[in-house]
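Q: the following comprises the amino acid sequence and a computationally predicted model.
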Amino acid sequence: RPAPQLLLRILAQLPCISCFHAKNISKDLYTCYYLFAGLINSQGRNYPIVIGGQMITPIPKDAMLFTKADFGVIGEGEIILYNLARTLREDGDIYKVKGLAIRKENVVTLTDPGEYITDLSKLPKIPFDFFPTDQWRDIGKYYTDSLYIQPHIRYEDKAVDVHGSRGCPFKCIFCYHFSKVRYRPIAVMIKEAKEYIERFDCNLVNFADELTLTNPERTKELIDGIKTIDRKINYSLNARIDTFSKLDDNLLKELKATGCRKIGFGFESGSDRILKLIGKNTTSAQILHELERLEKHKILPFGAFIIGHLSETREDVEATIKLVKKMIKICPNIQLAFCISTPFPGSEIFKILFQKGFIKDHDEYFNRYKEKKSIWAIRSVWNIIVNLTEMSDDELYRMRWKAYFTYLLYKIRYLGIMVIIIEGLKLCMGIINRIVQKVLINPLKKVSPLKGLSYTYERVYGLLQQKLEHVALRLRNIKD
């Protein structure tokens, strides 16, 4: 749903507090905040705006002044936000609430460090019931309607996320984690998955953090837990190459047998020099070896590369392109994304920005997001905020696109033209469906006697998408 429409629906509920989670500056702190704040203020608000997330915690004063929010939650929000809401409701002293950044005009005050939940088995449940089920669960239809066709997600997939950890024990220099490392017990995760599968009729569970497969013992416990689920499901995992390499082939075989469809990785680079520099603790050869194991057991990999690392050269990006070619040859069904490096506050790279004079202060950093984007940067994740490389901006953009187009061309080469034709038909159907839904089906749903026609159309459309999907999966040699 378009953001302004969603926000106006929320405002219609007369909220007592408005909260924004900022995980990404370009999408959250800048774009979303200025969009939302304008709408909120135009409605004549009489309630505070609260921001939180990992873009706030490392530089709370600067983030507060940049966004003009009333309060900022520093760290994890469950306890802190509850205490803030309770204090506001009781007209108490907000300066006694721990874990806050409080803005009064251009003065930001930080209170004492806040509390957080130490035992993740006691995390409160996510209130999925607050949201219309078909707007978050039906991920297969969402991907098709969004014209994003790929074998990792199927048309009939209904997904729910289950998280298994917070924080991170690793030290990648481009990343920032403010939380102490904690793990949820696998038994609690499985119990939660069972409840969601039953309540929301889901067939796909996304274990949405990189530490679920942190060691063989935890992986085995997960497999045994999945076996106790009394219906056939698929599930998705995330991992690091270095920790994944500790899992033997027997564990991979069991993962596949219990429904593991896909595993995601942050590959980041094909240059061994860059991989060492950024702290990934792996090599390009090891990446290829683990892909061979995944292909052997027919588990679909997906992942991302970052273009524009600190000190990266054209030769380093060429090494990434070379690796991508080898990866597709091993596993033609792999899905890859290519992003431009952005230094996040709190990361080691962010500190280097100041040490090496890339930027002079936080104001300059935030203002970079206001600058006009290059014609090369169609999406925000492709925009250069600070160029850390040995390349010019133009060369960096061109190398990013070279990597992406090489990926697409090699996918066509190894998948075959028939896969492209079939999935092209699916895309065309998706485009036509979006038009038909808007012009014809949505109006029909408002007329009671004609609701049956809209149901029949959606049923036929879904069956056609599934038939084409089945053909495409067979051509891709995917049997599950």
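A: In hand now; what should we look at?
Q: contact partners for the residue nearest the centre of the chain?
A: Centroid check for the chain by CA atoms, centre = their mean gives Ala208 as the closest residue, at 8.8 Å. Listed by CB atoms under 8 Å, 6 or more residues apart in numbering, the contact partners of Ala208 are 161-163, 236, 238. Yep, even glycine has a C-beta here, placed from its N, CA and C like the rest.
Q: out of those, the closest to Asp112 would be?
A: Of all the contacts of Ala208, His163 has the smallest distance to Asp112: 27.4 Å, by CB to CB.
Q: surely the closest one meets Arg184?
A: Yes: counting by CB atoms under 8 Å, His163 touches Arg184, with 7.0 Å between them.
Q: save the contacts of Ala208 as JSON lines, and put in pLDDT, neighbour count and distance to Ile330 too.
A: Shown next, in JSON lines, are these (pLDDT from 0 to 100; neighbours: other CB atoms under 10 Å; distance: CB to CB, whole Å):
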{"residue": "Asp161", "pLDDT": "94", "neighbour count": "17", "distance to Ile330": "29"}
{"residue": "Val162", "pLDDT": "95", "neighbour count": "22", "distance to Ile330": "30"}
{"residue": "His163", "pLDDT": "92", "neighbour count": "17", "distance to Ile330": "30"}
{"residue": "Ser236", "pLDDT": "97", "neighbour count": "22", "distance to Ile330": "20"}
{"residue": "Asn238", "pLDDT": "96", "neighbour count": "21", "distance to Ile330": "20"}
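Q: from the residues you listed, pick the one nearest Leu444.
A: Closest to Leu444 out of those is Asp161 (32.9 Å), distances taken as CB to CB.
Q: ok now do that closest one, which residues does it touch?
A: When contacts are counted by CB under 8 Å, 6+ apart, Asp161 touches 205-206, 208.
Q: cool, and Gly346?
A: Neighbour list for Gly346: 54, 57-59, 176, 178 [criterion: CB under 8 Å, 6+ apart].
Q: among the residues you listed, name the buried ones.
A: By neighbour count, with 16 or more other CB atoms under 10 Å, the contacts of Gly346 hold 54, 57-59, 176, 178 as buried.
Q: would you list the contacts of Gly346 in TSV and tack on pLDDT, distance to Glu295 and secondary structure?
A: Formatted as TSV, the contacts of Gly346 follow (pLDDT from 0 to 100; distance: CB to CB, whole Å; DSSP: H, G, I helix; E, B strand; the rest coil):
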residue	pLDDT	distance to Glu295	secondary structure
Gln54	79	34	coil
Thr57	90	39	coil
Pro58	90	39	coil
Ile59	89	43	coil
Tyr176	84	33	coil
Phe178	76	37	coil
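Q: doesn't Glu78 make contact with Arg117?
A: To be clear, residue 117 is Ile; Arg isn't right here. Yes: in this structure, Ile117 is within contact of Glu78 by CB under 8 Å, at 6.0 Å.
Q: now the helices: where do they sit in the stretch 201-350 of the chain?
A: For the stretch 201-350 of the chain, the helices defined by DSSP state H, counting those that start in this stretch cover 216-226, 241-244, 249-257, 272-278, 284-296, 314-330, 348-355.
Q: chain center to the fourth one: distance?
A: Average the C-alpha atoms of helix 272-278, do the same for its chain, and the two points are 24 Å apart (CA atoms, centre = their mean, to the nearest Å).
Q: what is the mean pLDDT for that helix?
A: Summarised as a single mean, pLDDT over helix 272-278 is 97.
Q: what's near enough to touch Arg293?
A: Counting by CB under 8 Å, 6+ apart, Arg293 has contacts 249, 252.
Q: same thing but 10 Å
A: By CB atoms under 10 Å, 6 or more residues apart in numbering, Arg293 lies in contact with 244-245, 247-249, 252, 299, 301, 330.
Q: check Leu120 too.
A: Taking CB under 10 Å, 6+ apart, we find Leu120 in contact with 163-166, 182-185, 188-189.
Q: state the distance from it to Lys194.
A: According to CB to CB, to the nearest Å, Leu120 stands 18 Å off from Lys194.
Q: now swap in Glu458 and tell me
A: Applying CB to CB to Glu458 and Lys194 gives a distance of 29 Å.
Q: output the lowest mean pLDDT helix or strand found in the protein.
A: Lowest mean confidence among the helices and strands of the chain (mean pLDDT, DSSP states H and E): helix 33-42, at a mean of 63.
Q: right, and the helix or strand after that helix?
A: Proceeding N to C from helix 33-42, the next assigned helix or strand is strand 49-52, under DSSP states H and E.
Q: tell me the helix or strand right after that following strand.
A: On the C-terminal side of strand 49-52, the closest following helix or strand by DSSP H and E is helix 60-67.
Q: appreciated, that's everything.
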